[in-house]
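Asker: Need coordinates for the following:
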Amino acid sequence: MRFPRKLLLLLPAVILAAGCAAHVRYYDGYYHDYHSWNNHEVVMYGQWEHDTHRNHVDFGHRDKADQDAYWKWRHDHH
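Answerer: Next comes the predicted model:
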């Protein structure tokens, strides 16, 4: 099978964009550090929501107070 030249030229850009999307980092202003949002963090975030009786909301859509509360909880729960 032969791919069109334009498609072959776009392929590296698509791969690069997909790879960058997987590396989301959040800054924790209280502890002055960064946290990578990976599968382990997703599990911990779900545990925080459960432990604190919160409904599920994507972390990026939570207000700053909730995000700060999560990072405080997270530093106490390795």
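
Asker: Spatially nearest residue to residue 35 (excluding sequence neighbours)?
Answerer: residue 26 (5.2 Å; CB to CB, 6 or more residues apart in numbering). The C-beta positions use only the backbone N, C-alpha and C, and glycine is treated the same way.

Asker: same question, residue 70
Answerer: residue 48 (5.4 Å).

Asker: Now the helix or strand encompassing residue 25: average pLDDT?
Answerer: With secondary structure defined by DSSP states H and E, residue 25 is part of strand 24-28. Throughout strand 24-28, pLDDT has a mean value of 91.

Asker: now for the helix or strand immediately after that strand in the chain, which elements pack on it?
Answerer: From strand 24-28 onward toward the C-terminus, using DSSP H and E, the following helix or strand is strand 33-37. Here strand 33-37 touches strand 24-28, going by 3 or more CB pairs under 8 Å, 6 or more residues apart in numbering; DSSP states H and E.
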